[in-house]
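**Q** I'll drop the sequence and a predicted model, then ask my questions.
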Amino acid sequence: MDAVFHALAHGARRTMLRRLAGRELTVGELAEPLEMSLAAASKHLQVLERAGLVRRTITGRRHVCRLEPAPLATASAWLNFYRRHWDDRLDALETLLIDDEGTDR
């Protein structure tokens, strides 16, 4: 899971994943809107591949990438486990702030 969060830590990689959620894309198609070289895009893709988030298929010189959502589901489940704690703490903060506003009047 560390590799997944590391991969998600960079905006270019998040953009690549968002675009791959719609359809398979070549490395060139992924690099184009990010205004980066094919080499830089390929390095970002390697990070995504190591995290298991992207699978690359090579046919001749054409590298086609597709999203592998399973690692995202695992990360989401981990975050959801803690969401209950965060929600409880935020609810307590909201109550405290509302009570504090009432005593200031």
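**A** Cool, the structure landed. Numbering: from 1, shown residues only.
**Q** So Ile58, which state does it fall into?
**A** Following DSSP: H, G, I helix; E, B strand; the rest coil, the label given to Ile58 is strand.
**Q** now it, which residues is it bridged with?
**A** Taking DSSP bridges as the rule, Ile58 bridges to His63.
**Q** Could you shift the numbering so residue one becomes 18, and keep it that way?
**A** I'll keep to 18 as the first residue from here, and by that count the last item is Ile75.
**Q** Give me the neighbour count for it.
**A** Residues within reach of Ile75, counting by other C-beta atoms under 10 Å, total 9. Where you see a C-beta, it was placed from the backbone N, CA and C, and this is true even at glycine.
**Q** low-confidence ranges in the chain?
**A** Applying pLDDT under 70 to the chain flags the ranges 119, 121-122.
**Q** the strands in it, which residues?
**A** 42-43, 71-76, 79-84 (DSSP state E).
**Q** can you put these in CSV and add distance to Glu49?
**A** Below are those laid out as CSV (distance: least, C-beta to C-beta, whole Å):
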stretch, distance to Glu49
strand 42-43, 9
strand 71-76, 17
strand 79-84, 13
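**Q** Please identify which of those is closest to Leu114.
**A** strand 79-84 (40.2 Å; C-beta to C-beta).
**Q** Pull out the buried positions in that closest one.
**A** By 16 or more other C-beta atoms under 10 Å, the buried positions in strand 79-84 come out as His80, Cys82, Leu84.
**Q** repeat for stretch 43-51
**A** Thr43, Val44, Glu46, Leu47, Ala48, Leu51.
**Q** And for stretch 23-33?
**A** Ala24, Leu25, Ala29, Arg30, Met33.
**Q** Select from these every entry located in helices.
**A** Ala24, Leu25, Ala29, Arg30, Met33 (DSSP state H).
**Q** from those residues, which is closest to Trp103?
**A** Leu25 (18.2 Å).
**Q** Tell me where the chain has helices.
**A** Using DSSP H, the helices of the chain run over 19-25, 28-37, 44-48, 55-67, 87-121.
**Q** Highest mean neighbour count out of the ones you listed?
**A** helix 44-48 (a mean of 19; mean count of other C-beta atoms under 10 Å).
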